[in-house]
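1. Quick one, what's the 3D model for this:
(2 chains)
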2 protein chains.
Amino acid sequence: MADKRAVVLLSGGLDSATTLAIARSESFQCYALTFKYGQRHHREVEAAGKIARFLGVVEHRVIEIDLAVFGGSALTDSAIEVPKDRARLRDTLVVSLSNPSEIPPTYVPARNTIFLSYALAWAEVLGAFDIFIGVNAVDYSGYPDCRPEFVAAFEKTANLATAAAVEGKGRFRIRAPVINMTKGEIIRAGTSLGVDYSLTHSCYDPDERGRSCGRCDACQLRLKGFAEADLKDPIEYRITNNE
Amino acid sequence: MADKRAVVLLSGGLDSATTLAIARSESFQCYALTFKYGQRHHREVEAAGKIARFLGVVEHRVIEIDLAVFGGSALTDSAIEVPKDRARLRDTLVVSLSNPSEIPPTYVPARNTIFLSYALAWAEVLGAFDIFIGVNAVDYSGYPDCRPEFVAAFEKTANLATAAAVEGKGRFRIRAPVINMTKGEIIRAGTSLGVDYSLTHSCYDPDERGRSCGRCDACQLRLKGFAEADLKDPIEYRITNNE
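-> Numbering: from 1, shown residues only, chains lettered A, B, ... in the order given. This next block holds a predicted model:
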């Protein structure tokens, strides 16, 4: 078991932190991969480094890629506004792809496809066949590349794309252990595995002191999750914590 | 027809140059995308710029990505040697994946998956649904990510990954028009479309003056193609042109 390797995509948010804890609990030697991708703040990259150290990885690589050159997202283009307070307008933030007009402007074109492609390259070089990604299709913002059918399609692609798979050295598995959990379930699972959520960062629009806004989709999903788990969110918000 | 857009992956070699010419012949407004990926020479990136200007694209972007950080390939790691003269040992360079030990050290892990992921991101932002890639599964070096089944799997992934597809704005098509052609057929097709092959570059191991070695897989496949097409290769070799 000592030499079972996995590549874990680590954004610095609570889903990927929990996913890393789950991979560690399965005795994987973890190689964490974080992207700087022209997002408007680097707070989550710092969070990823802290989580990687806290949970124990063999190596943590941060790769800078310029998704901002393509534009098209509120997360990479400051001309597009991050939506706020969407939960106040609706019963729930959970959106359905049966109503695709709900895909929000924070969607980044092809982001998870690009992230998984890099993870696949590194995994092949490492001789790792498990790639962990913290996507979630329950309490999520409606991004199409967080759904189980996307993960399954990428896994199939990975096994056709690579020499390691074609040569029969192994079969790549794209592992998304929190994909069917609610945010509350994710937080409970991570807490039981010892995740320190004070190290994580979720907000799309933190202030200069790093405090979360409490109003963007990411904050509202996070707060809903802590409320559901009946736990206090240990991070600092610039508005009153509404749990 | 004037506003039909396509993203075209352009390496600077003859397959992608021919692919761009085919996309132009189908009246696409072409957006060419080239990667600098830590390859040992940048001759092919220069070639891509010349071809883009010659064939006429709306925009040509060169994106630098660091595949060398992962290592694992003779094309990104100078410690691994580029194989030479493989055609002299066998009747043909064409290898079969039924003999997967033939995947050569010039294979770059997950390269085409990464390239197509970026192309998908740009296509989605541009409102383009056709992505052209010059992969070839006939006269090729045995890379798994050049096969039709890989292209089909990526296309499926693309249509699950993106807001544009899920929202019903269109369906992405990964177009690989030269995938089933021999090198000779590719060169004949490109010649009939006016491609100037003196602008292209194929060699994995050119000298400091940019002359091709004539001995690596890429050179040998290229020379075989010109011989088959009964045409003279217009580029300069540092060994005697053996066509």
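2. which residue ranges form the strands in chain A?
-> In chain A, the strands defined using DSSP state E lie at A:5-9, A:29-36, A:59-64, A:130-132, A:173-175.
3. tell me the angle of the helix ranked longest in chain A relative to strand A:29-36?
-> Determined from DSSP state H, the single longest helix within chain A is helix A:111-126. Angle of helix A:111-126 versus strand A:29-36, following axes from the mean of the first three to the mean of the last three Cα atoms, to 10 degrees, is 140 degrees.
4. right, is helix A:111-126 up against chain B?
-> Yes: counting by Cβ under 8 Å from any Cβ of the partner chain, chain B is contacted by helix A:111-126 at A:Arg111, A:Asn112, A:Thr113, A:Ile114, A:Ser117, A:Tyr118, A:Leu120, A:Ala121, A:Trp122, A:Glu124, A:Val125. Placement of C-beta: from N, CA and C, glycine included.
5. ok, now which ones touch the third one?
-> Just to be clear, that refers to A:Thr113. A:Asp145, A:Phe154, B:Ser117, B:Leu120, B:Ala121, B:Thr157, B:Ala158, B:Ala161 (Cβ atoms under 8 Å, 6 or more residues apart in numbering or on different chains).
6. Quick check: the first one touching A:Ile133?
-> No: the pair formed by A:Asp145 and A:Ile133 falls short of the contact definition of Cβ atoms under 8 Å, at 9.7 Å.
7. Common neighbours of those two, please.
-> A:Asn112.
8. Report the two of the residues of helix A:111-126 next to chain B separated the most.
-> Greatest spatial distance in the residues of helix A:111-126 next to chain B: A:Arg111 and A:Val125, 22.2 Å, computed using Cβ to Cβ.
9. Quick check: which ranges of chain A have low pLDDT?
-> Counting by pLDDT under 70, chain A contains low-confidence residues at A:1-2, A:39-41, A:78, A:86-102, A:240-243.
10. ok, back up a step: closest one of the residues of helix A:111-126 next to chain B to A:Arg61?
-> So of the residues of helix A:111-126 next to chain B, ranked by how close each gets to A:Arg61 (Cβ to Cβ), first place is A:Trp122, at 7.5 Å.
11. pretty sure A:Leu115 contacts A:Val8?
-> Heads up, residue A:115 is Phe, not Leu. No: using Cβ under 8 Å, A:Phe115 makes no contact with A:Val8, being 11.2 Å away.
12. Check the contact lists of those two and give me the overlap.
-> When contacts are counted by Cβ under 8 Å, 6+ apart, A:Phe115 and A:Val8 are jointly contacted by A:Leu33, A:Ile133.
13. quick one, which of these two is more surrounded?
-> Applying other Cβ atoms under 10 Å in any protein chain shown to A:Phe115 and A:Val8 shows that A:Val8 carries more neighbours, namely 30 against 24.
14. ranges for the helices of chain A?
-> Ranges of helices in chain A, per DSSP H, are A:14-25, A:43-55, A:86-89, A:111-126, A:148-161, A:163-166, A:183-192, A:217-229.
15. contacts for the last one?
-> It refers to helix A:217-229. Contacts of helix A:217-229 with the rest of the structure, by Cβ under 8 Å, 6+ apart, involve A:13-14, A:83, A:85-87, A:93, A:104, A:106, A:139-141, A:182-188, A:191, A:202-204, A:212-214, A:232-233, A:237, A:241-243.
16. Off-centre distance for stretch A:59-73?
-> Here stretch A:59-73 is found 14 Å from its chain centre; the criterion is Cα atoms, centre = their mean, to the nearest Å.
17. mind listing what's buried in it?
-> For stretch A:59-73, burial by neighbour count (16 or more other Cβ atoms under 10 Å in any protein chain shown) applies to A:His60, A:Arg61, A:Val62, A:Ile63, A:Ile65, A:Leu67, A:Ala68, A:Phe70, A:Gly71, A:Gly72, A:Ser73.
18. for stretch A:193-206, same thing?
-> Residues of stretch A:193-206 classed as buried: A:Val195, A:Tyr197, A:Leu199, A:Thr200, A:His201, A:Ser202, A:Cys203, A:Tyr204, A:Asp205, A:Pro206 (neighbour count, 16+ other Cβ under 10 Å).
19. ok, the first one touching A:Ser25?
-> No: because the distance of 10.6 Å does not satisfy Cβ under 8 Å, A:Val195 is recorded as not touching A:Ser25.
20. how close does the residue located most distally from the centre of chain A sit to B:Arg24?
-> The outermost residue of chain A, judged against the average C-alpha position, is A:Glu167 (30.8 Å), by Cα atoms, centre = their mean. Distance from A:Glu167 to B:Arg24, counting by Cβ to Cβ, to the nearest Å: 37 Å.
21. A:Val138 too?
-> Here A:Val138 is placed at a distance of 46 Å from B:Arg24 (Cβ to Cβ).
22. ditto for A:Val195
-> Applying Cβ to Cβ to A:Val195 and B:Arg24 gives a distance of 53 Å.
23. Over to A:Pro206?
-> Separation of A:Pro206 from B:Arg24 (Cβ to Cβ) stands at 46 Å.
24. can you check A:Cys203 too?
-> 45 Å.
25. Then A:Phe226?
-> Distance, A:Phe226 to B:Arg24, by Cβ to Cβ: 55 Å.
26. For A:Phe131, give me its contacts.
-> Wrong residue type there; residue A:131 is Ile, not Phe. Applying Cβ under 8 Å, 6+ apart, the residues contacting A:Ile131 are A:6-9, A:116, A:119-120, A:123, A:158, A:172-175.
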